[in-house]
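Undergrad: Sequence first, then the predicted structure, then my questions.
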Amino acid sequence: MLWEVEISPRMGEVDREGQRVCGEARTLGVSSISEVRSARSFLIEGELAEEDVKGRAAALLADSVTESCVVRPLPASGNGCDAAGTTLLNVLLNPGVTDNVGRTAQAALADQSLDVARVATCRKYWVNETADPADVDRLCTKVLANEAIEHVARGPLQLKSLALGSEYEFKLQHVAIRELDDTALKRLSREGQLYLSLAEMQTIQQHFRKLKRDPTDIELETIAQTWSEHCSHKTLAGRIHYRDSDGERRFENMLKETVFAATQEIRKRLADDDWCVSVFKDNAGIVRFNDDFDVCIKVETHNHPSALEPYGGANTGLGGVIRDPLGTGLGARPVCNTDVFCFAPPNTPYDQLPPGVLHPRTVMQGVVSGVRDYGNRMGIPTVNGAVYFDERYIGNPLVYCGNVALIPRGMSEKRVVPGDWIVAVGGRTGRDGIHGATFSSAELTHESESVSGGAVQIGNAIIEKMLLDVILEARDRGLYHAITDCGAGGFSSAVGEMGEETGAEVWLEKAPLKYAGLTYTEIWISEAQERMILAVPPEHWEEFHELCASEGVEATVIGRFTDSQRLILNFDGQEVGDLGMDFLHGGRPPVVREAVWQRDTPANVRFATDQRPVAPQDHGETLKRILGSLNVCSKEWIIRQYDHEVQAGSVVKPLVGVHNDGPSDAAVVRPDLKSSRGLVIACGMNPRYGDIDPYWMAASAIDEAVRNCVAVGADPHRIAILDNFCWGNTERPETLGSLVRAAIACHDVAVAYGAPFVSGKDSLNNEFTYTTAIDSSGAICERSITIPPSLLITALGQIEDVERAVTMDLKQPGNVLFLVGETKAELGGSHFLQVGGQPTGSPADEAVPVVDLETAPANFEAVHSAIRGGLALSCHDLSEGGLAVALAEMAFAGGLGVDVELSPADDPTAVILFSESNTRFVVEVPPESAEEFAASVPQCRRIGVVTRKASMVVRVDTLTVIEESIDELKSAWQQPLAWD
Amino acid sequence: MASPRVCVLRAPGTNCDVETAFAFDAAGARADRLHLFRLLESPNLLDEYQVLCIAGGFSYGDDVGAGVVFGAQLRSHLGEAVGRFLNADKLVLGICNGFQVLLKSGILPAGSTGWPVAETNKRNVTLTWNENGRYTALWVRLAVASANSVFLSGIDEIELPIAHAEGRIAVSDPALVDVWQAAGQIALRYTNGEPATAPEAPLPYPGNPNGSIANIAGLSDPTGRILGLMPHPERYLFATQHPTWTRRPERGEGAGMALFRNAVNYFRAS
């Protein structure tokens, strides 16, 4: 018997969901939809009497104070329109999509001794019957349901059962690869969603010709996953021939010779003082923290899934990166998250959207909700982040998720021992996320939604929290030898990597499934979430299993590690795969790529602005426009949805100041409540500079991340950094060239700053291709949108005593303001030009900010010493919008004014106010310490004082160039993303 | 009396248990983080403790309503053990999700007089969705509104962070608020820091961050030995957790420690 429990807001309670949908309908322009009412419902299948459903079930599921409840048997009667003259739309999850709420409800109802077999959830909407059917269709696809995971059933529900899946009948599949010609190999790669190159397909073909047999499907899938860009980073770790105006360079392994090499040079220089513990070899990088703990960090991207299903994509993006430190060494305890997003502007008109993409506002809301729900539920504070906007992210939004975790010292190494059980722990395996690893290495098209919908996963943070709790306990009891996470590639990747040195034998039928009917290959490559693989010695299995069971976590032996150097896959006693580890991990033909970088002509560089020009001398207007630009403006709407206090370690929050609403430079967290030592987390990113020169873009990103840390008090000698390269299609030499140029800068700046890279990740092929027209001959015209070069640098700093941290809000009238660092004529890629500021007509307009590798470290050191010595009461870094923006932010965050005199002036006023030159700070110093500060900081200049009057006054050569009220500046900064 | 023993009860999805236990230990108690499943196996374990604290988090994902499933477990399977605890001279603290659990189980607002809750009994008070419809994390000012609560003894006003989606107190009959008022059960109210003639007059966001009726942030039972509150005292153990600590002279301990000390002192004094 199938029942529906329909739950609506009671009279007097607001129908928020109905209002939301109505609002979205207005934005969408479907004007005939004037009324929307909503309800949520539970579909309950089982041997249940009506009084039980109306009684105990409804009492548990609905809140009788705020909600009312209707119970009906299904299939329901009626014709789709009720007496009130409305049309009913039911939004249901597609079969097999994880339904967390349904799962919890099912267990809770069973716990009340109700005989419940299955529970599913449904969202219900009633729209006015007068609505135009075409408008209702649009509402369904654009607002109500995401086709990647949901569908709409109209009218009274006609479901009879929620049963899912059918018994699987085993059949071993071979792929006849030996006879294929090149065209057929390419087709197999594409249509089988293997996304391998022809050379790689040929290598596989030759391998199996030598073996005189065809591969099974599972063997081919295993190879494709292991060799995927996502898992092997074959392009950047491959051979590259690079050329630019300075000459050429040949790399055997580009990443190794740039980013990794920087770390090696720094470690060598530090010798006995080396504070790196484990870098570039495990799931996350590890550095020293205090006497008891080391600290891990990892930042990942989840771009492709987030483009298709923003909530699920971002949700599992964060869930996935949390499993990285948990699967590093013997397991680390997460202490905070950092999340950075890139979107197209949220006000993009609907009619300018290419086909097949979600509206950027929908993407942004979904991504923020996804990160919020996973991080908050896990009990991990999200303390740092940034959002960048550019139209070129329209088809490829970027979602970077990072996690920082503590690991007890001495637990950073792991070793699989032959004979250990291969144990799967956590969530069950379903069809979710099939082909995620290979898919993320492909280009998105407007058909991706239908082709790759299976690649979308839904997370369940509670399962992962339960998993985390038992793993940390098992770690401390020494119950396992090794651990890794199931990420892209699922068991295939996790077992394949763990068993690389030893060998492994897997019994796929033993894996617990969400529902019946999965083939052995689907079990092997499923990317179902919240799973980890452990190597548990047989003598500890019983204790480990009991521990997991005691907290409701499923743990299952699915195989054993061997010493055969082979990966053997079985299903029900039958061998379905047998691959040598050497071929799997060493057989991939090297990727050889050409890379070239050439400075673009200024005309092609995107100085363009869509804003009307500002009157030449109206610097106040320019300032307000920059403050109100999407990249600079307040992100309070997002930040307030993240728990940044859980775990009780918060020291410097994302929003600071007298009213808790000013933009902090970095977060400070006390991860070990018994110690006063703190972690500092910040980031840097400047895609617009990359349009001019990716070298200085990368240098600027590192400088920004490091100076953000220094600004709150981090020791510049203890800052570790991470790279995340998101680029377009690197098969184009120019695209790869710009990436290589950025990587070269990463090396140079990291070495100069003594800031080692400890981990990194890349996401290539961030391009979106769609059909614009079909011409008279039937030829298809396509257009591609490539993202700007997007290098995110994340910095993990440390502060000896959190009570020494400083924030950016001005503290006290009468204090002296110093500008630290040199302001250069660098307006290239600046926000000044972006918002319509008048170009100076000098080379400054094209000059992207550079970094002085000699003076920068000295400036960081000097500022740090001043902060540690208690001379600085506030400190703010200068970034987008330069000095003027920094002063405005410090003033309105502190609720105080500034009076600043910038004389004598050699540069144009626009440069003085808005240049984005690197390695600069504004520091507030009490008058009695001003002399000491000036004497101890080499590149500093006294520029003014803090005033009681709530206004910002700036003079250049005695001429007042800015005079604005703090309230107006603040309101310009807060307004753009102050969403309801 | 020696240090009281504190049971920090955690269920799947509880996530503030570590720092809450840390706070009790720092205040001089001996806190254990006990999994709900242990208590379901051996309900008598609860008798060994003087303080029961249900910590914050998302028990069972809050999937069918905040605190609903955890609350149902207490009511359905632990009725006797909880009843003995409530009738003894012991303390119960529910923070955030813990408050939601106390309310949804029926432990609050009536305490021992209302326990066990009859199956047919319809709840007349709930914690439901914030007025702004979304999860919200920010610091709030709170005024102690009753001298009744053991936990709030000696505190007039305190600042603490909230972080919740379902923190709005709603009632089926507004007269309930007067009943609580008369019984001294309104423990904490959101305030904007200015002396108020009518502290129950609804404050706008962010003063009252969720639209709770009569600005209620925390409720006691009539004895004052049970407290449920949405704000997190365990997130103000150090002065450096205050959002404007860099503008203030205080260093060292944070004001939230007082609640945990009051709990410990209750047993030391007796």
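TA: On my side now, so go ahead.
Undergrad: pLDDT score assigned to the residue in chain B positioned nearest to chain A?
TA: Residue nearest to chain A within chain B: B:Asn15 (2.4 Å; C-beta to the nearest C-beta). From N, CA and C alone the C-beta is placed, and that goes for glycine too. B:Asn15 carries a pLDDT score of 97 in this model.
Undergrad: could you measure the nearest residue to it once chain neighbours are set aside against A:Gly684, distance?
TA: Nearest residue to B:Asn15 in three dimensions, chain neighbours excluded: A:Gly379, at 2.4 Å (C-beta to C-beta, 6 or more residues apart in numbering or on different chains). Taking C-beta to C-beta, to the nearest Å as the measure, A:Gly379 falls 28 Å from A:Gly684.
Undergrad: out of these two, which sits in the more crowded spot?
TA: A:Gly684 (27 against 24; other C-beta atoms under 10 Å in any protein chain shown).
Undergrad: Give me the neighbour count for the residue of chain B closest to chain A.
TA: 26.
Undergrad: which residue packs closest to A:Leu827, ignoring adjacent ones?
TA: Closest to A:Leu827 by C-beta to C-beta, 6+ apart is A:Ala844, at 4.7 Å.
Undergrad: Is the one you found in contact with A:Ser917, as I believe?
TA: No: A:Ala844 lies out of contact with A:Ser917 (C-beta atoms under 8 Å); the separation is 10.5 Å.
Undergrad: shared neighbours of the two, which are they?
TA: Here A:Ala844 and A:Ser917 share the contacting residues A:Glu826, scored by C-beta atoms under 8 Å, 6 or more residues apart in numbering or on different chains.
Undergrad: what about the two, which has more around it?
TA: Of the pair A:Ala844 and A:Ser917, A:Ser917 is the one with more neighbours under other C-beta under 10 Å, namely 24 against 21.
Undergrad: Checking that one next. Helix, strand or coil?
TA: Following DSSP: H, G, I helix; E, B strand; the rest coil, the label given to A:Ser917 is coil.
Undergrad: who's in contact with it?
TA: A:Gly821, A:Glu822, A:Thr823, A:Lys824, A:Glu826, A:Pro849, A:Leu878, A:Gly882.
Undergrad: Identify, from the residues you listed, the entry nearest to B:Pro249.
TA: Closest approach to B:Pro249 among the contacts of A:Ser917 (C-beta to C-beta): A:Leu878, at 29.4 Å.
Undergrad: Which pLDDT value belongs to the closest one?
TA: 98.
Undergrad: count of neighbours near the closest residue to it other than its chain neighbours?
TA: Spatially, and ignoring its direct neighbours in sequence, A:Leu878 is nearest to A:Arg920 (4.1 Å; C-beta to C-beta, 6+ apart). A total of 26 residues lie near A:Arg920 under the criterion other C-beta under 10 Å.
Undergrad: For chain B, see how far away A:Arg920 is.
TA: Taking C-beta to the nearest C-beta, to the nearest Å as the measure, A:Arg920 falls 21 Å from chain B.
Undergrad: In the chain, which residue is most central in space?
TA: I went with chain A, as the question did not name one. A:Tyr400 (2.3 Å; C-alpha atoms, centre = their mean).
Undergrad: Switch to chain B, please.
TA: B:Gly228 (2.5 Å).
Undergrad: one step back: now do the phi/psi pair for the residue nearest to B:Asn15.
TA: phi 70, psi 40 (degrees, to the nearest 10).
Undergrad: Next up, the contacts around the residue of the stretch 301-450 of chain A found nearest chain B.
TA: Taking C-beta to the nearest C-beta, chain B has its nearest neighbour within the stretch 301-450 of chain A at A:Gly379, 2.4 Å off. Contact analysis of A:Gly379 by C-beta under 8 Å, 6+ apart lists A:Lys465, A:Asp643, A:Val646, A:Gln647, B:Asn15, B:Cys16, B:Gly57.
Undergrad: Same check on A:Arg868?
TA: A:Arg868 touches A:Gly713, A:Glu800, A:Arg804, counting by C-beta under 8 Å, 6+ apart.
Undergrad: measure the second one to A:Val680 for me?
TA: In this structure, A:Glu800 lies at 11 Å from A:Val680, with C-beta to C-beta as the measure.
Undergrad: Ok, the last one next?
TA: Counting by C-beta to C-beta, the gap between A:Arg804 and A:Val680 amounts to 11 Å.
Undergrad: and for those two, which residues touch both?
TA: In contact with both A:Arg804 and A:Val680: A:Gly713, using C-beta under 8 Å, 6+ apart.
Undergrad: more neighbours, the two?
TA: More crowded of A:Arg804 and A:Val680, by other C-beta under 10 Å: A:Val680, with 30 against 17.
Undergrad: would you say the more buried one is within a strand?
TA: Yes: read with three-state DSSP, A:Val680 is one of the residues of a strand.
Undergrad: Give the bridge partners for it, please.
TA: A:Val668, A:Gly797 (DSSP bridges).
Undergrad: Surely it touches A:Val668?
TA: Yes: with contact defined as C-beta under 8 Å, A:Val680 reaches A:Val668; the gap is 5.4 Å.
Undergrad: which residues are in contact with both of these two?
TA: Common neighbours of A:Val680 and A:Val668 (C-beta under 8 Å, 6+ apart) are A:Val712, A:Gly713, A:Ile799.
Undergrad: thinking again about what came up before, which phi and psi does the residue nearest to the centre of chain A have?
TA: Dihedral angles for A:Tyr400 - degrees, to the nearest 10 - are phi -100, psi 130.
Undergrad: wait, it sits on A:Asp339?
TA: Yes: counting by C-beta under 8 Å, A:Tyr400 touches A:Asp339, with 6.8 Å between them.
Undergrad: Check what pLDDT the residue nearest to B:Asn124 when sequence neighbours are not counted gets.
TA: Leaving aside its chain neighbours, B:Asn124 sits nearest to B:Ser172 (4.5 Å; criterion: C-beta to C-beta, 6+ apart). In this model, B:Ser172 is scored at 93, pLDDT.
Undergrad: repeat for A:Pro663
TA: A:Pro663 is given a pLDDT of 97.
Undergrad: I figured it was touching A:Met890, is that so?
TA: No: with contact defined as C-beta under 8 Å, A:Pro663 does not reach A:Met890; the gap is 9.8 Å.
Undergrad: what touches both of these two?
TA: A:Met808.
Undergrad: the more surrounded of these two?
TA: A:Met890 (28 against 23).
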